[in-house]
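Engineer: Task: produce atomic coordinates for the following.
(2 chains)
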Amino acid sequence: MLKIGNRTFQSRLLLGTGKYPSYEVQKEAVAVSGAEILTFAVRRMNVFEESQPNFLEQLDLTKYSLLPNTAGAKNADEAVRIAKLAKASGLCDMVKVEIIGCSKSLLPDPIETLKASEKLLELGFTVLPYTSDDVVLARRLEELGVHAVMPGAAPIGSGRGIINPLNIRLIIEQSAIPVIVDAGVGSPKDAAFAMELGADGVLLNTAVSNANDPVKMAKGMSLAIEAGRLGFEAGRMDIKEYGEASSPLSGLVTS
Amino acid sequence: MIIQLNGKSADIPEEIVTLQDLLVWYGLKDRIVIAELNREIIDKKNYQSTTLVNRDILELIHFVGGG
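Structural biologist: Predicted structure coming up:
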């Protein structure tokens, strides 16, 4: 069970809602993923054009918790403004702090992320900052009182998998709050790996929405996260240098 | 009156007086929408009592797909 702030969740998969090929595919992918936390972005309405079906407005909001992000913010003030707008919907009090510090790599700005997290905690938000995989930064965020840390596996939308597993493991080891690996996950293998390292959850979007079959991939991710978690809880065997027979060495028929 | 709506200049008919009127005008009355007027978030219960004036800067915000 995943506990964030005062909420508990059965699923350890947090799913993004961007870039799906169609509304129908998205709906089905979300359903089969089993995800209970869905991320959204906050944007201006296109009031001057005919309105398109809005995915969020079709959702059964008793089944899902919304995790709006502050994507588009370049500094702490902009992130706080976006978070306040999201909360004013009356639909959520969680926020994914996302402040991009580099337009090419889309890596987060650690200083602005820290500042925004501090302010949002003061304002009573449940704060989940998306951060780089910096171990000390994760500790500093936890000391502020954030409700989870979300280190990136790799740059957003890159699908490269966990670039620095050692850092992710060190963050997990030191953290008393949930660690959710966010961004850069490309395949079920990456998600399972994150969970085997001991992550409390995985947040992904493009790996599902840009798969050839997003519905099948949503299911694959869900199973991988469950498998990885079971593997972590079970405790894996030691890695050995040489082979070790699984069958008895005594009573050989050929001796 | 002319207001700045979501970054664009919008000529609003005279019969629109309140924020609630404007939402009805744009067909947004029953949508999930957050209103920020001159950088202040307007509580839903105050839409009816919030009067729009010339040169107001209004943002109508919603949730879209994102990661």
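
Engineer: Next, please give the residue ranges for the helices of chain B.
Structural biologist: In chain B, the helices defined using DSSP state H lie at B:19-25.

Engineer: Need the single longest strand in it, by residues.
Structural biologist: strand B:57-65 (DSSP state E).

Engineer: ok, it near chain A or not?
Structural biologist: Yes: legend: contact between strand B:57-65 and chain A by C-beta under 8 Å from any C-beta of the partner chain is shown at B:59-65. Every residue, glycine included, has its C-beta placed from N, CA and C.

Engineer: Remind me what that strand packs against, helices and strands.
Structural biologist: Here strand B:57-65 touches strand A:37-44, helix A:55-58, helix A:76-87, strand B:2-5, helix B:19-25, strand B:34-37, going by 3 or more C-beta pairs under 8 Å, 6 or more residues apart in numbering or on different chains; DSSP states H and E.

Engineer: of all those, which lies closest to A:S65?
Structural biologist: Closest to A:S65 of those is strand A:37-44 (C-beta to C-beta; 5.0 Å).

Engineer: Paired strands for the closest one, with orientation please.
Structural biologist: strand A:13-16 (parallel), strand A:65-68 (parallel), strand B:57-65 (antiparallel) (DSSP bridges).

Engineer: got the CA positions of the second one in PDB?
Structural biologist: Meaning strand A:65-68. C-alpha atoms of strand A:65-68 as PDB (Å, rounded to 0.1, in the frame of the first residue of the first chain):
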ATOM      1  CA  SER A  65      -6.900  11.300  -7.000                       C
ATOM      2  CA  LEU A  66      -5.700  14.200  -9.200                       C
ATOM      3  CA  LEU A  67      -2.100  15.200  -9.200                       C
ATOM      4  CA  PRO A  68      -1.800  18.500 -11.100                       C
END
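
Engineer: what about that strand, average pLDDT?
Structural biologist: Mean pLDDT, strand A:65-68: 96.

Engineer: got it, and the longest one?
Structural biologist: Model confidence over strand B:57-65 averages 95 on the pLDDT scale.

Engineer: Enumerate the residues of chain B near chain A.
Structural biologist: By C-beta under 8 Å from any C-beta, the residues of chain B that approach chain A are B:5-8, B:10, B:26-28, B:31-34, B:36, B:41, B:43-44, B:59-67.

Engineer: where does the chain have low pLDDT?
Structural biologist: All of this refers to chain A. Applying pLDDT under 70 to chain A flags residues A:50-53.

Engineer: meant chain B, my bad for not saying
Structural biologist: Nowhere does chain B drop to pLDDT under 70.
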